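Novice: Let me see the structure of the following:
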Amino acid sequence: MINFFNLLGGTIGVINRSIAMFGITAGVALAFVNVVARYAFNYSITWAAELTVYLFLWGMFFGAAYCFKIDGHISIGLLIENVSKKSAKFLMLVTRTITFAYLSIVAYYGYQYLLFVMELEEMSIDLEIPMWIPYLVIPVSFAFGAYRVGEHIVKLINTPANEIVIKTETEELMEEAHIEKVVEEANRKTGGML
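Specialist: Numbering: from 1, shown residues only. As a prediction, this is how the structure comes out:
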């Protein structure tokens, strides 16, 4: 069973990263080509603006879903940093449960709206594709985000309170920039004068 969830998590991660990278990259490239065509050749690709918007939406929504995996969304840790580890675990469980519920509700109603749009057979203006294709981003990306938050909830439940690592924003930034190694190297080179 664990192998299934590892495979599912890995697959969701690849999908999120791939769509995010493709959406942003293709959106920027298409917008650039359309601007060059418009100003250099006095020609505009009529469907480029609409497709660019859809590419950016898909890229950003799936990028946001991926951020749930790496816990990359903005959070205010001031309260959690200043309470006991047991209280911090409880607060983290509450916030993640609320986040999970919100993402699940949006995914569900996004799916319901998708069915409604399919029933209406609504088409996009420039691309002339069914509108359910661009709207598919809502239920899928929010479901992927909910799955990732669910993973964090399970991990948090299975982690004893005294083993929870709570880092301040400064500690996280220092870790990312490897400041400690830079300071050690500077101290070595200056003989500890830093």
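Novice: Tell me the spacing between E50 and V106.
Specialist: Between E50 and V106 the computed distance is 24 Å (CB to CB, to the nearest Å). Where you see a C-beta, it was placed from the backbone N, CA and C, and this is true even at glycine.
Novice: and if you look at I98?
Specialist: 13 Å.
Novice: So if I had to pick from these two, which one is more boxed in?
Specialist: V106 (17 against 11; other CB atoms under 10 Å).
Novice: Just give me the neighbour total for S124.
Specialist: 15.
Novice: Leaving out chain neighbours, which residue sits closest to I125?
Specialist: Spatially, and ignoring its direct neighbours in sequence, I125 is nearest to E50 (6.8 Å; CB to CB, 6 or more residues apart in numbering).
Novice: For this protein, which helix or strand comes out least confident on mean pLDDT?
Specialist: When the helices and strands of the chain are compared on mean pLDDT, DSSP states H and E, helix 169-177 comes out lowest with a mean of 59.
Novice: what does the model give G77 for pLDDT?
Specialist: On pLDDT, G77 comes in at 68.
Novice: burial count for the residue nearest to I125?
Specialist: As a burial measure, E50 scores 16 neighbours (other CB under 10 Å).
Novice: Tell me which residue is most central in the protein.
Specialist: Centroid-nearest residue in the chain: A64, 2.0 Å away (criterion: CA atoms, centre = their mean).
Novice: Quick check, that residue in contact with S141.
Specialist: Yes - A64 sits in contact with S141 when judged by CB atoms under 8 Å, with a separation of 7.0 Å.
Novice: For this protein, just list every one of the strands.
Specialist: Ranges of strands in the chain, per DSSP state E: none exist.
Novice: so where's it uncertain?
Specialist: Scanning the chain for pLDDT under 70 picks out 1-2, 72-79, 165-183, 186-187, 189-194.
Novice: CA atoms of stretch 17-27 as PDB?
Specialist: Coordinates of the C-alpha atoms in stretch 17-27 are reproduced here as PDB (Å, rounded to 0.1, in the frame of the first residue of the first chain):
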ATOM      1  CA  ARG A  17       6.200  20.300 -12.200                       C
ATOM      2  CA  SER A  18       5.900  19.400 -15.900                       C
ATOM      3  CA  ILE A  19       2.600  21.300 -16.400                       C
ATOM      4  CA  ALA A  20       3.900  24.300 -14.400                       C
ATOM      5  CA  MET A  21       7.200  24.500 -16.400                       C
ATOM      6  CA  PHE A  22       5.500  23.900 -19.700                       C
ATOM      7  CA  GLY A  23       2.700  26.400 -19.000                       C
ATOM      8  CA  ILE A  24       4.900  29.300 -18.000                       C
ATOM      9  CA  THR A  25       7.600  28.600 -20.600                       C
ATOM     10  CA  ALA A  26       5.200  28.200 -23.500                       C
ATOM     11  CA  GLY A  27       3.100  31.100 -22.300                       C
END
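Novice: I'm done for today, thanks for sticking with me.
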